[in-house]
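Participant: need coordinates for the below:
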Amino acid sequence: MDCDLSTDVVVIGGGLAGLRAADAARAWGASVTVISKRPIGEAGATARASGGFAAAFTPDDSPNRHLADILAGGYGVCHHAQAERVANGAGEHLERLSSMAGGFAADEAGNLTGHKVPAHTVSRSAQFERGMPRLLKTLKNDLVSRGVAFLENHHASGWLRDGEDAIAGMEILSGKEIIRCRAGSVVLATGGCGQLFPVTSNGPDLTGDGYALALMAGATLRDMEFIQYTPTAFAAPHALKGQTIVGTLLTVEGVHLRNRAGERFMQRYDPQRLERADRATLARAIHQEISGGRGTQAGGVYLDATTLTPDEFERHRPGFYLACRANGLDPAREPLETAPSVHTCLGGIAGDANLQAAQNLFAAGEALGGTHGANRLSSNSLTEANVTGWLAGEAAAQNAEARRLVAGTLLADDPLQGLPCAGRGLSRDGLVELMGSAAGVARSGDVIEAALTAVRNGRSQVGGAPDMASLELRNMLLAAEAILASALARTESRGAHYREDFPQTDDANWSGNLFSRFVDGQVAPRLRPPQPSGSSRSK
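Facilitator: Have a look, this model is predicted:
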């Protein structure tokens, strides 16, 4: 088969994890092409992130202490070795990033300064203050100057394979045309799947593409039942609905969550930590207040930060305050209406010690599962993207170098495989509504099972030319099936996964992880017992 392009490493994804993977692969000497569904600076969850990077960079902190916080926050199901790699590499890669792109908060001596964020035991969140789109564009400009190629507004649609059925490149949708790109290695840095849900902080490009492509490649997913809701997203006004309110506000003295009656309700759910509880606890508490009839008019609760002055907001959270004021809100004078919003897929692609998911296929960032277990701590997502992006890119480049002399026949997967049938099955809107009811903050087995049946029935096939909408719906259906099958299988509550019919945590039976693969045409999860600390086996 003739190919339109040839490169050592293809990176799928234009967020921080993808750009860091491209950086590492190029530094190793590989030729690199980055595929992004949207322009750099708009792609992925990174562009909408608040800019906090958790790392041990102060004298009272250490990577071991950071790791302990990650493991404690993950409700016992983190991939220990992977979390350890992230904690150990966080400081080094933060320093590398800050040297490339000035704009991190620092003291007069130029030392990074850290904020205290919920569920961390020390102040370790370094803030990039110039906005994440600017950081992404700075990284892209550097990569372009070093010869990295970018294909923006393109969509990875399917796989190229060699004669031994190993991944050997990508098929890429460009408008209505398919481009075939041979590659020694592929890195999936495609982010999460927030567009599966009615309210999300994620951008429009996060449709579970990496999870679907990984399943189609024969790789394994893990922990897909754990969907993290950021507890404090805007419930109103409509222009801001779903967007994240700065989580560090909850660490400020005098900032409280209140229900419609003005009651500081976290005293009922976590009387020790109160508003500084972890995200899973906060999201569940807010959900229970709303479902119990104690919510606000917009279907949320109140975040009361009126103890802060306008000057304090402008000095410490200027971007957040500016967004509020631009939409007619003044958090210094009136409480904000807030509610949980889908924020992060905590599960994802299972990788080995080199973040390799299948032969010649690697994963990084939110596309990669395991680091956070059943709950992610604030400021750890950008850290994970920064560290795992680099590690995956470096491993992909080394793998491509070893394969550089390997040639042979290429085979393409059927680009129409799994495309939903026009006029039948689930529409995108129908799928989103279904996932909101079945895989929300609170879940129940009968609703999950009915939704899973509907999703599986919706995965019909159709002939005809693929387009962006049909490819995204295919990917969303596959990701949804993985989430629902895992949520149905885990008959307990743990972290971000809350089963109303199984409200207790069951360590005796469920302290392991669910790994999912295609079996007889369906995504099937299987429980594996917990692994010893330090084990790197995840596939």
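
Participant: for the most centrally placed residue in the chain, what are its contacts?
Facilitator: The residue lying closest to the centre of the chain (CA atoms, centre = their mean) is E366, at 3.4 Å. Going by CB atoms under 8 Å, 6 or more residues apart in numbering, E366 touches 17, 45, 191-192, 344-345, 348, 381, 384-385. C-beta coordinates here come from the backbone N, C-alpha and C atoms, glycine included.

Participant: which of these has the weakest pLDDT?
Facilitator: Among the contacts of E366, A45 has the lowest pLDDT, at 90.

Participant: which helix or strand contains the closest residue to that residue other than its chain neighbours?
Facilitator: Leaving out its chain neighbours, the residue that sits closest to A45 by CB to CB, 6 or more residues apart in numbering is G191, at 5.1 Å. G191 is part of no helix or strand, with elements assigned from DSSP states H and E.

Participant: please renumber the chain so that the first residue is 489 from this point on.
Facilitator: All right, first residue 489 from here; so that's G679.

Participant: phi and psi next, for G679.
Facilitator: Main-chain torsions, G679, degrees, to the nearest 10: phi 70, psi -160.

Participant: got a list of what it touches?
Facilitator: 501, 503, 505, 532-533, 690, 693-694, 698, 853-855.

Participant: next one: N874
Facilitator: Contacts of N874 (CB under 8 Å, 6+ apart): 504-505, 508, 541, 578, 581-582, 585.

Participant: nearest to R668, of those?
Facilitator: Taking CB to CB as the measure, R668 lies nearest A505 of the contacts of N874, at 24.5 Å.

Participant: could you pull out the buried residues of the strand or helix carrying that closest one?
Facilitator: Here A505 is covered by helix 504-516, with elements defined by DSSP H and E. Buried residues in helix 504-516, defined by neighbour count with 16 or more other CB atoms under 10 Å: 504-514, 516.

Participant: the bottom helix or strand of the protein by mean pLDDT?
Facilitator: strand 899-900 (a mean of 78; mean pLDDT, DSSP states H and E).

Participant: residues in contact with that strand: which ones?
Facilitator: 489, 646-651, 653, 659, 668.

Participant: just the buried members of those residues?
Facilitator: 646-650, 659, 668.

Participant: what about those, which are in strands?
Facilitator: Of the buried ones among the contacts of strand 899-900, the ones assigned to strands by DSSP state E are 646-649, 659, 668.

Participant: let me have those in JSON lines, extended by pLDDT and distance to P551.
Facilitator: Converted to JSON lines, these look like this (pLDDT from 0 to 100; distance: CB to CB, whole Å):
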{"residue": "G646", "pLDDT": "92", "distance to P551": "40"}
{"residue": "W647", "pLDDT": "95", "distance to P551": "37"}
{"residue": "L648", "pLDDT": "94", "distance to P551": "39"}
{"residue": "R649", "pLDDT": "93", "distance to P551": "39"}
{"residue": "E659", "pLDDT": "94", "distance to P551": "40"}
{"residue": "R668", "pLDDT": "94", "distance to P551": "43"}
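
Participant: how many neighbours does the closest residue to C669 other than its chain neighbours have?
Facilitator: Nearest residue to C669 in three dimensions, chain neighbours excluded: L493, at 4.1 Å (CB to CB, 6+ apart). Applying other CB atoms under 10 Å, we find 16 residues neighbouring L493.

Participant: rewinding a little: would you mind putting the contacts of strand 899-900 into a markdown table with distance to R803 alongside?
Facilitator: Shown next, in a markdown table, are these (distance: CB to CB, whole Å):
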| residue | distance to R803 |
| --- | --- |
| M489 | 59 |
| G646 | 50 |
| W647 | 50 |
| L648 | 53 |
| R649 | 55 |
| D650 | 57 |
| G651 | 62 |
| D653 | 58 |
| E659 | 50 |
| R668 | 53 |
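
Participant: in the longest helix seen in the chain, which residues are buried?
Facilitator: What stands out as the longest helix in the chain, according to DSSP state H, is helix 868-891. Buried residues in helix 868-891, counting neighbours by 16+ other CB under 10 Å, are found at 868-889, 891.

Participant: and stretch 657-665, by the same measure?
Facilitator: Those would be 657-661, for stretch 657-665 by 16+ other CB under 10 Å.

Participant: now render the residues you listed as a markdown table, adding distance to L600.
Facilitator: Formatted as a markdown table, those follow (distance: CB to CB, whole Å):
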| residue | distance to L600 |
| --- | --- |
| G657 | 40 |
| M658 | 37 |
| E659 | 42 |
| I660 | 38 |
| L661 | 41 |
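
Participant: for the protein, what are the low-confidence residue spans?
Facilitator: Applying pLDDT under 70 to the chain flags the ranges 489, 734-736, 893-897, 902-913, 949-953, 1019-1027.

Participant: where along it do the helices fall?
Facilitator: Counting by DSSP H, one finds helices in the chain at the ranges 504-516, 551-561, 568-588, 620-633, 697-704, 754-757, 767-777, 798-804, 806-814, 868-891, 916-926, 933-946, 956-977, 995-998.

Participant: run through who's touching the last one.
Facilitator: Pointing back at helix 995-998 there. For helix 995-998, contacts defined as CB under 8 Å, 6+ apart pick out 564, 978-980, 982, 1015.

Participant: which one of the contacts of E854 is nearest G706?
Facilitator: Each of these was scored against G706 by CB to CB, and G836 proved nearest at 15.9 Å.

Participant: how close does the closest one sit to S524?
Facilitator: Remark: distance between G836 and S524 (CB to CB, to the nearest Å) = 19 Å.

Participant: okay, those two: which has more neighbours?
Facilitator: Using other CB under 10 Å, the more surrounded residue of G836 and S524 is G836, with 34 against 28.

Participant: excluding chain neighbours, give the residue nearest to the more buried one in space.
Facilitator: Closest to G836 by CB to CB, 6+ apart is G857, at 3.2 Å.

Participant: swap in A957?
Facilitator: Leaving aside its sequence neighbours, A957 sits nearest to R916 (CB to CB, 6+ apart; 7.6 Å).

Participant: just list the residues touching the one you found, thanks.
Facilitator: So R916 contacts 957, 960-961, 964 (CB under 8 Å, 6+ apart).

Participant: same deal with V830?
Facilitator: Shown in contact with V830 (CB under 8 Å, 6+ apart): 682, 684-685, 687-690, 715-718.

Participant: and which of the residues you listed is nearest to R947?
Facilitator: The closest of the contacts of V830 to R947 turns out to be L684 (CB to CB; 14.3 Å).

Participant: neighbours of the residue nearest to the closest one when sequence neighbours are not counted, how many?
Facilitator: Closest residue to L684 apart from its sequence neighbours, by CB to CB, 6+ apart: M923 at 4.8 Å. Around M923 there are 24 other residues, counting by other CB under 10 Å.
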